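Visitor: need the 3D shape of this:
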Amino acid sequence: MRSFIMKKKNVNTPKPVGRLSFESEDHVLELKVQQKIFKTFQIDHSLSLLKNLSQRNEHRWNMAHNTVAPTPVSDVINATTASSSGCSENSESRSIIDETVPVLRQEVVENTFPTEAAEDMAHFAAVTTLDVNGGRDATRVNPEELNGKRVATKLNDYLYEIYKPENEPHLDILLFHGLKLENKANLHVSTWISGEMGEPHVWPKTWVVEDFPSARVLSVSYDSSIYQTAQEGRIDLHNAAEGLMYCLELEMNTSFRPLILVGHSFGGILIKQLCLHAFERQRLSQQGSLVRSLLERIRGIFFMGTPHRGMIHEGFEKLSGENAGPLIKHVRSLNEELARLHDRFDKLRIVYKWKISEIGELKETKWGVFQGVMVPEGSARYGDPFLTINADHDSLSKPAVKNSIIYAQLKSLIQRNSGRQVKSELFTSSFL
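Guide: Next up is the predicted model:
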């Protein structure tokens with residue numbers, strides 16, 4: 001399946017195509033559009049045309065793939081896909097927009113989307129049936145809100161607080177999202193949204209807090225884009241771990257509470273790099289006691305589809321192309337750096353006696369031109385216990401119900417390890 005941008009042609013009956021989205025740093029404006037066309041040209045997933053447009057107009061225009069994510073529709077950029085055989089006037093374009101979703105008033109759209117920008121994109125859209133969105137003149141999307149309720153509070157550049165109990169917490173849970181493969185915003189929240197069986201909710205804030213009311217839940221946010229632009233995809237794995245370590249020291253430097261780490265996909269790789277970075281800081285820094293406390297606090301790590309030995313990467317190579325960000329190299333199969341990282345982390349795990357639990361996917365994931373098991377068992381399996389889940393890669397971090405095997409595994413890990421005694425001795429091992 002490929003995405004298409006349509007050129008205008010005189011057609012009597014406009015056909016619904018999808019949603020065009022304008023995104024800036026602090027809000028997302030959305031509108032429903034109709035195309036009047038059918039002469040097409042194809043673009044690849046790197047969207048170089050739109051990238052060039054964004055550089056000229058200081059805005060990002062996004063057309064995404066055939067994706068309906070279980071996140072608020074305001075956080076997702078939707079478009080129509082058509083078959084790679086091309087379009088004709090008799091072709092059917094399938095809209096993936098829920099017609100009940102409110103959109104913007106027409107005057108807001110006219111003031112926001114300049115005609116020349118549309119012409120640059122060869123995208124002639126007829127805006128139709130625009131309504132007031134919740135009584136507001138424009139859709140202002142707060143990345144820390146869901147269903148009108150605040151679900152996260154920004155603490156610093158890398159950390160968001162999902163939940164904090166009224167009394168002193170007795171446990172910290174730290175969530176790590178994976179790579180940003182598409183134009184999905186706010187992965188520190190959207191990665192953990194479940195809503196298949198009811199109203200969307202951030203399950204670590206509902207289920208985990210219900211079972212562990214004295215737990216504080218934090219979510220990591222980092223630049224995880226696989227595409228390198230002027231704004232995104234600029235840091236490598238070392239940079240991400242270094243920045244996160246600094247922010248964790250600021251936020252947790254007086255805490256000795258047990259710590260559980262949860263990593264989805266590449267988030268698990270970042271967990272391992274963070275631990276190794278902390279160990280190096282412990283050996284070299286005069287403030288080694290602070291980072292040592294972090295290492296000693298870790299009681300358990302939950303890996304969710306983490307590519308310990310790489311991912312199927314041919315699709316990534318084709319879709320990211322020349323715009324590939326520095327994080328891509330860390331998920332290539334048979335990658336030397338990834339293998340060395342795994343070996344060093346495993347030695348550190350043995351020293352600190354961290355407990356590991358892990359799950360992997362069974363179903364294929366469709367993303368762009370790629371379709372297959374994104375992280376095969378041979379890469380996702382760290383050791384035992386390991387469970388293969390009847391889910392695709394994205395769904396591993398979005399359990400549908402509380403009694404799912406995914407949540408049961410995490411709950412068991414927390415229950416078994418949140419009360420272990422904190423070590424006080426200094427590990428001076430130099431085997432790394």
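Visitor: helix, strand or coil for residue 299?
Guide: Following DSSP: H, G, I helix; E, B strand; the rest coil, we place residue 299 in the strand state.
Visitor: residues touching the closest residue to it other than its chain neighbours, list them.
Guide: Spatial nearest neighbour of residue 299, excluding adjacent residues (C-beta to C-beta, 6 or more residues apart in numbering): residue 417 at 3.9 Å. Using the backbone N, CA and C atoms, a C-beta is placed for each residue, glycine as well. When contacts are counted by C-beta atoms under 8 Å, 6 or more residues apart in numbering, residue 417 touches 258, 260, 299-300, 355.
Visitor: for those residues, pick the one with the most neighbours.
Guide: residue 260 (26 neighbours; other C-beta atoms under 10 Å).
Visitor: would you mark the buried spots in stretch 168-184?
Guide: 169, 171-184 (16 or more other C-beta atoms under 10 Å).
Visitor: take these and keep only those in strands.
Guide: Mapping these onto strands (DSSP state E) picks out 171-176.
Visitor: on that earlier part again, how far away is the residue nearest to residue 299 from residue 270?
Guide: Remark: distance between residue 417 and residue 270 (C-beta to C-beta, to the nearest Å) = 20 Å.
Visitor: again, but for residue 199
Guide: Taken as C-beta to C-beta, the span from residue 199 to residue 270 is 30 Å.
Visitor: looking at the two, which one has more neighbours?
Guide: residue 270 (25 against 8).
Visitor: on the three-state scheme, the more buried one is what?
Guide: helix.
Visitor: test my guess that it contacts residue 239.
Guide: No - counting by C-beta atoms under 8 Å, residue 270 does not reach residue 239; the two are 10.8 Å apart.
Visitor: quick check: the gap between the residue nearest to residue 299 and residue 343.
Guide: From residue 417 to residue 343 the distance is 24 Å (C-beta to C-beta).
Visitor: list the residues that contact residue 220.
Guide: Per C-beta under 8 Å, 6+ apart, neighbours of residue 220: 158-160, 174-177, 188, 244, 267, 270.
Visitor: among those, which pair sits farthest apart?
Guide: The largest separation in the contacts of residue 220, counting by C-beta to C-beta, is between 160 and 270 at 15.2 Å.
Visitor: burial measure for residue 335, as a count.
Guide: Neighbours of residue 335 (other C-beta under 10 Å): 18.
Visitor: C-alpha coordinates for stretch 242-261, PDB please?
Guide: What follows is stretch 242-261, C-alpha atoms only, in PDB (Å, rounded to 0.1, in the frame of the first residue of the first chain):
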ATOM      1  CA  GLU A 242      23.200  10.800  29.000                       C
ATOM      2  CA  GLY A 243      20.400  13.400  28.900                       C
ATOM      3  CA  LEU A 244      18.000  11.000  30.700                       C
ATOM      4  CA  MET A 245      20.600  10.200  33.400                       C
ATOM      5  CA  TYR A 246      21.100  13.900  34.200                       C
ATOM      6  CA  CYS A 247      17.300  14.400  34.500                       C
ATOM      7  CA  LEU A 248      16.900  11.300  36.600                       C
ATOM      8  CA  GLU A 249      19.600  12.600  39.000                       C
ATOM      9  CA  LEU A 250      17.700  15.900  39.400                       C
ATOM     10  CA  GLU A 251      14.400  14.200  40.000                       C
ATOM     11  CA  MET A 252      15.500  11.200  42.100                       C
ATOM     12  CA  ASN A 253      18.700  12.100  43.800                       C
ATOM     13  CA  THR A 254      17.300  11.700  47.300                       C
ATOM     14  CA  SER A 255      15.200   8.600  46.700                       C
ATOM     15  CA  PHE A 256      16.000   5.000  47.700                       C
ATOM     16  CA  ARG A 257      12.600   3.600  46.700                       C
ATOM     17  CA  PRO A 258      12.500   0.400  44.700                       C
ATOM     18  CA  LEU A 259      12.500   1.100  40.900                       C
ATOM     19  CA  ILE A 260      10.800  -1.000  38.200                       C
ATOM     20  CA  LEU A 261      11.800  -0.200  34.600                       C
END
